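Novice: pasting the sequence and the predicted model now:
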Amino acid sequence: MQIYVCVKQVPDTAASITLLGPRIYDDTVKFVMNPFDEFAVEQAIQVKAQTGKGEVVIVTVGRESAESMVRTALAMGADRGILVIADIRQIDSITTGRALHQAIARDGSPDLIFTGKQSVDSEGMQIPYRLAAAFNMPIVNEVVRFLLKNETVTVEREIGSGIREAIDLTLPCVIGATKGLNEPRYTRLPEIMKARTKELKKIDINELKLAPAAGKLELLELFPEAERGQAVMLQGSVQEMTRQLIDLLKNNEQIL
Amino acid sequence: MKIGIPIETALNQLKQTNLGVISAACQDGANELYALLFAGSVENHQEILQSYGINKIVTISVAGADVHRSPELKTRAIIGAMNALKIDALLGISSTDGRDLLARIAAQLDAPLALDCVGVDFTDRTVIKSQFSGKILAKLKLWGTPFICGLRPNVIPPKMFPVIAENIPYHIALEDTRRLEVRSINKTAADEIDLTEAEIIISAGRPIGAAENFKLLKDCAKELGAAVGASRAAVDSGFAPHSMQVGQTGKTVSPKLYIACGISGSIQHFAGMKGSKVIVAVNTDSDAPIFNKCDFGLRGDLFEVVPALTAALKKQRLSENNP
Ligand SMILES: Cc1cc2nc3c(=O)[nH]c(=O)nc-3n(C[C@H](O)[C@H](O)[C@H](O)COP(=O)(O)OP(=O)(O)OC[C@H]3O[C@@H](n4cnc5c(N)ncnc54)[C@H](O)[C@@H]3O)c2cc1C
């Protein structure tokens, strides 16, 4: 089973994002693996263990410094990594999708591709779909359960209100992982040491000679969301506060 | 501009959240709006759609395959209609189903896509969307035709714009390759309101202490017509399923009212609910970070406040029903 996992290095979820200009933020914050991608890496490693053969290849498009994140995935148990070096601030999801597709297609023939359901920085929510379209594979995103049996994959995804949809799809396919799928493993020192010597291929994005896209997404401006002012603190007994709240929501906010 | 709007339904009813999307696309009649729906999915839709500005109601019927078996089939049918009608842009709801469908269409067409937008302007092809888990907003321009956007539910208030709609039937024949098939839908919790589209949400954090205690919130939610959410701490402690988690690794919600009970207001929880119009916080600690980021604060124990709120709402409902 040849498995590829697409991961992205993103600012730590606890980092505050400070804008330095209309289109740039202070990127000296701590960077980590996109939280949803951890579920993807974990699932890939479990599938390899289940089938007993093949390899798990980590693929990312990012800065040179994304190497540390790829090494983290290798320490979790992946076999080798591919880092497509690009300034991710300069490229949109269409280009990222093309770069991941090319990097994988040049490397081998995927049976399964895992991604996270979305990245927590650009929140594009489209890479798994673009990859699937480029490879002409079926895709299911936001997967919370994954079962591989022979040539068929059965997945479950939540479609709101706790309702789960069960979907069968044939290999090869793309799976977008989300929280609930598994518990990503912690890495221990011996594995971290071993990961340092695993193969990591670096490719400049220009070497991939990506075909230009007809459409693109251009970032015009970044701006902070307006903050709320200090809260109006309600006073009095619990009964008084709830009565006031209902009154405010009804008459001032016209919600109730 | 010719804008296609995939219409979402639930239990054969038009979802209320479609109307804000139609208003966002309408721009007071500047655009020509095509409602895209599947035959048999909504009855008696004409009146409501045209009262919000829909010019053409496109009813898509598919021969040779059952579109409900696979989102791939739906995607191909909609792309067929978009091509036939020369649609320039697609605007849908950024709901669970909507995001999936719009992303499939964009990927197949190699078209630019922006999901979870909080604003959209078709005159200059720009959108405003959340980035960095809601910490930042980005203004993006979508180059190329067609381009595709998904609007976060409830962000644009519906506005009537009455027109007379024309009905256009669109037929397409598709072959089902059966490489992807929806096998079953487990509807055990189907009576609940979907968090991502709910107009009111009441949620609890770690202090809820046990799964059974969510009944307090459910009782209150019934009076409010609300959905019930949870923080990650409550989910990770086993008090609530992950489907109820609001936040960075949970759901992004955008209700008119969000009531957070016993939730500290961590950056990751905020990421999922800061788009709420009005935020109410109930917390025992007057220094809880959430009090710096909400509209109304109640310092108090959720085990007292929530039942009191339920009782007050119930009392009010009864007195309104029997004046
Ligand atoms: C990668 C990552 C992703 C994350 N994603 C999410 C996410 O999606 N959603 C999310 O919620 N969190 C997420 N978190 C976790 C987040 O950082 C916080 O740990 C979590 O939100 C805290 O939950 P809480 O507010 O319920 O609990 P606590 O932090 O324990 O806060 C409880 C609050 O309730 C108050 N309180 C105590 N007793 C009562 C009472 N009886 N009545 C009223 N108030 C009371 C306390 O004063 C306190 O303010 C994520 C973290 C990471 C690192």
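Specialist: Yep, it's here. Only a predicted model underlies this, so the values are computations on that prediction, with no experimental measurement involved.

Novice: in chain A, where's the longest strand?
Specialist: What stands out as the longest strand in chain A, according to DSSP state E, is strand A:139-149.

Novice: can you give me the mean pLDDT across the longest helix along chain A?
Specialist: When chain A is parsed with DSSP state H, its longest helix is helix A:35-51. The predicted model gives helix A:35-51 an average pLDDT of 97.

Novice: that one and chain B, any residue contact?
Specialist: Yes: residues of helix A:35-51 contacting chain B under Cβ under 8 Å from any Cβ of the partner chain: A:P35, A:F36. Any C-beta I mention is one placed from the backbone N, CA and C, and that applies to glycine too.

Novice: picking up where we left off before, which strands or helices does the longest strand of chain A pack on?
Specialist: helix A:35-51, helix A:127-135, strand A:152-158, strand A:164-170, strand A:173-177, helix B:96-109 (3 or more Cβ pairs under 8 Å, 6 or more residues apart in numbering or on different chains; DSSP states H and E).

Novice: for the helix or strand following the last one, output the C-alpha coordinates as PDB.
Specialist: Yep, that's helix B:96-109 we're talking about. Per DSSP states H and E, the first helix or strand lying C-terminal to helix B:96-109 is strand B:113-121. What follows is strand B:113-121, C-alpha atoms only, in PDB (Å, rounded to 0.1, in the frame of the first residue of the first chain):
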ATOM      1  CA  LEU B 113     -13.000  29.000  -4.400                       C
ATOM      2  CA  ALA B 114     -13.500  30.800  -1.100                       C
ATOM      3  CA  LEU B 115     -15.500  29.100   1.700                       C
ATOM      4  CA  ASP B 116     -16.800  30.400   5.000                       C
ATOM      5  CA  CYS B 117     -17.100  33.900   3.700                       C
ATOM      6  CA  VAL B 118     -18.700  36.600   5.900                       C
ATOM      7  CA  GLY B 119     -19.100  39.000   3.000                       C
ATOM      8  CA  VAL B 120     -19.100  38.900  -0.700                       C
ATOM      9  CA  ASP B 121     -19.100  41.600  -3.400                       C
END
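
Novice: tally of neighbours for the closest residue to A:T51 other than its chain neighbours?
Specialist: Counting by Cβ to Cβ, 6 or more residues apart in numbering or on different chains, A:T51 lies nearest to A:M1, which is 4.7 Å off, once chain neighbours are set aside. Residues lying near A:M1 (other Cβ atoms under 10 Å in any protein chain shown) number 18.

Novice: to the ligand, which of the helices and strands packed on strand A:139-149 lies closest?
Specialist: Proximity to the ligand (Cβ to the nearest ligand atom) singles out helix A:35-51 among those, at 4.4 Å.

Novice: low-confidence ranges in the stretch 1-150 of chain B?
Specialist: Scanning the stretch 1-150 of chain B for pLDDT under 70 picks out B:42-43.

Novice: hey, where'd the helices end up in it?
Specialist: Using DSSP state H, counting those that start in this stretch, the helices of the stretch 1-150 of chain B run over B:17-26, B:46-51, B:71-85, B:96-109.

Novice: would you turn those into JSON lines with distance to B:M160 and mean neighbour count?
Specialist: Shown next, in JSON lines, are the helices of the stretch 1-150 of chain B (distance: least, Cβ to Cβ, whole Å; neighbours: other Cβ atoms under 10 Å in any protein chain shown):
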{"stretch": "helix B:17-26", "distance to B:M160": "9", "mean neighbour count": "24"}
{"stretch": "helix B:46-51", "distance to B:M160": "6", "mean neighbour count": "16"}
{"stretch": "helix B:71-85", "distance to B:M160": "25", "mean neighbour count": "20"}
{"stretch": "helix B:96-109", "distance to B:M160": "23", "mean neighbour count": "24"}
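
Novice: now for those helices, which one comes closest to chain A?
Specialist: Among those, the nearest to chain A by Cβ to the nearest Cβ is helix B:96-109 (3.8 Å).

Novice: can you give me the angle that closest one makes with strand A:164-170?
Specialist: 20 degrees (axes from the mean of the first three to the mean of the last three Cα atoms, to 10 degrees).

Novice: that older thread, buried ones in the next helix or strand along the chain from the longest helix of chain A?
Specialist: Using DSSP H and E, the helix or strand that follows helix A:35-51 in sequence is strand A:55-62. By neighbour count on 16 or more other Cβ atoms under 10 Å in any protein chain shown, the buried set for strand A:55-62 is A:V56, A:V57, A:I58, A:V59, A:T60, A:V61, A:G62.

Novice: same question, stretch A:59-74
Specialist: A:59-63, A:66-67, A:69-74.

Novice: and it, end to end?
Specialist: 11 Å (Cα to Cα, to the nearest Å).

Novice: what's near enough to touch A:D204?
Specialist: A:V84, A:I85, A:A86 (Cβ atoms under 8 Å, 6 or more residues apart in numbering or on different chains).

Novice: likewise for B:G275?
Specialist: Taking Cβ under 8 Å, 6+ apart as the test, what B:G275 contacts is B:V118, B:S130, B:G134, B:R152, B:V155, B:T252, B:V253, B:S254.

Novice: repeat the analysis, applying 6 Å as the threshold.
Specialist: B:G275 makes contacts with B:S254, as judged by Cβ atoms under 6 Å, 6 or more residues apart in numbering or on different chains.

Novice: SS state for it?
Specialist: coil (DSSP: H, G, I helix; E, B strand; the rest coil).

Novice: residues near B:K86, how many?
Specialist: 9.

Novice: for B:N292, give its distance to A:M76.
Specialist: B:N292 sits 37 Å away from A:M76, taking Cβ to Cβ, to the nearest Å as the criterion.

Novice: quick one, which of these two is more surrounded?
Specialist: A:M76 (23 against 15).

Novice: need the buried residues of stretch A:59-74 in TSV with distance to A:Q235 and pLDDT, can you?
Specialist: Formatted as TSV, these follow (distance: Cβ to Cβ, whole Å; pLDDT from 0 to 100):
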residue	distance to A:Q235	pLDDT
A:V59	57	98
A:T60	53	98
A:V61	54	98
A:G62	51	97
A:R63	52	96
A:A66	52	97
A:E67	55	98
A:M69	49	98
A:V70	55	98
A:R71	55	98
A:T72	50	97
A:A73	52	98
A:L74	57	98
